[in-house]
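Student: Requesting a structural model of the entry that follows:
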Amino acid sequence: MIASVRGTVLSVRDSACVIDVGGVGYLVAITSSHRSLLSVGETVSMLTTLIVREDSMTLFGFENQESLELFDAFLTVSGVGPRSALAIMGQLTPAEAFMAVVNEDDSVFRKVSGIGPKTAKLIIVQLAGKLSAVTMSSVVPKAPVSARDAAETVVVALVGLGWVERTARETVESVQTEQSDATAATLLRFALAALSKGTK
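Tutor: Numbering: from 1, shown residues only. Sure, this is the predicted structure:
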């Protein structure tokens, strides 16, 4: 398994780039958003995963661990292959994908080329409860914080995920009353659960 590559960008295409690693050019499939960050001639590092099929071996590249984990999560959905997963990630941020799953809004995924109504619904059903671990690392700090700071951190995270600040703050205060010693990550999990119930 090729877990990462580091080298010089030789070329950038619509959905792939070529990275020169020690004289060997690796063709790496990437998202459109990742492509915009690359320039020919620069030295880059990226995480990768190798997908092996009967008739092909394709290397997929990602700018960070969060993107790689999101890609892996989409691959667990029936009917979503590597190219479809990459297409989704090219159009949606982790937060947008998470919000769509929490709100059971399959229309967000239907807008992605190649994702039909049936697959969009499967994404909602099969990823329910799975994306929080992927997105949480990007919105909640790992370092210990005070209860007050934890609450404020979660409010900011919820607003960033699309909720109105007043609603986010009231929900966090309610959750923290019952979970007074909870970390920011735990508060976020309980707050999301409470908010998701209120949207159904």
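Student: Show me how far the top strand by length along the chain is from its chain's centre.
Tutor: Using DSSP state E, we find that the single longest strand of the chain is strand 43-53. From the chain centre to the centre of strand 43-53 is a distance of 17 Å (Cα atoms, centre = their mean, to the nearest Å).
Student: Go ahead and produce PDB holding the CA coordinates of it.
Tutor: Provided in PDB are the C-alpha atoms of strand 43-53 (Å, rounded to 0.1, in the frame of the first residue of the first chain):
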ATOM      1  CA  THR A  43       7.300  20.200  -3.900                       C
ATOM      2  CA  VAL A  44       4.300  18.700  -2.200                       C
ATOM      3  CA  SER A  45       3.400  15.900   0.200                       C
ATOM      4  CA  MET A  46       0.000  14.200   0.200                       C
ATOM      5  CA  LEU A  47      -1.600  11.200   1.800                       C
ATOM      6  CA  THR A  48      -2.700   8.500  -0.600                       C
ATOM      7  CA  THR A  49      -4.600   5.300  -0.900                       C
ATOM      8  CA  LEU A  50      -4.200   2.700  -3.600                       C
ATOM      9  CA  ILE A  51      -7.400   1.200  -5.000                       C
ATOM     10  CA  VAL A  52      -6.800  -2.000  -6.900                       C
ATOM     11  CA  ARG A  53      -9.300  -3.400  -9.400                       C
END
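Student: Quick one: mean pLDDT over that strand.
Tutor: Averaging pLDDT along strand 43-53 yields 95.
Student: Report pLDDT for the residue nearest the centre of the chain.
Tutor: The chain has Pro94 as the residue nearest its centroid, 3.3 Å off, counting by Cα atoms, centre = their mean. Pro94 is assigned a predicted lDDT (pLDDT) of 76.
Student: Equivalent analysis for Glu69, please.
Tutor: Per the predicted model, pLDDT is 86 at Glu69.
Student: Now do it against Thr49, distance only.
Tutor: 11 Å (Cβ to Cβ, to the nearest Å). For glycine as for every other residue, the C-beta is placed from the backbone atoms N, C-alpha and C.
Student: can you check Arg6 too?
Tutor: Taking Cβ to Cβ, one finds Arg6 at 16 Å from Thr49.
Student: Between those two, which is the more surrounded one?
Tutor: The neighbour count for Arg6 versus Thr49, taken as other Cβ atoms under 10 Å, is higher for Thr49 (18 against 11).
Student: quick check, Val172 in a strand?
Tutor: No - under the criterion used here (DSSP: H, G, I helix; E, B strand; the rest coil), Val172 is helix, not part of a strand.
Student: thinking it is in contact with Thr153, fair?
Tutor: No - counting by Cβ atoms under 8 Å, Val172 does not reach Thr153; the two are 9.5 Å apart.
Student: Compare neighbour counts for the two and give me the winner.
Tutor: Per other Cβ under 10 Å, whichever of Val172 and Thr153 has more neighbours is Val172, with 25 against 20.
Student: and stretch 53-61, how far out from the chain's middle?
Tutor: 21 Å.
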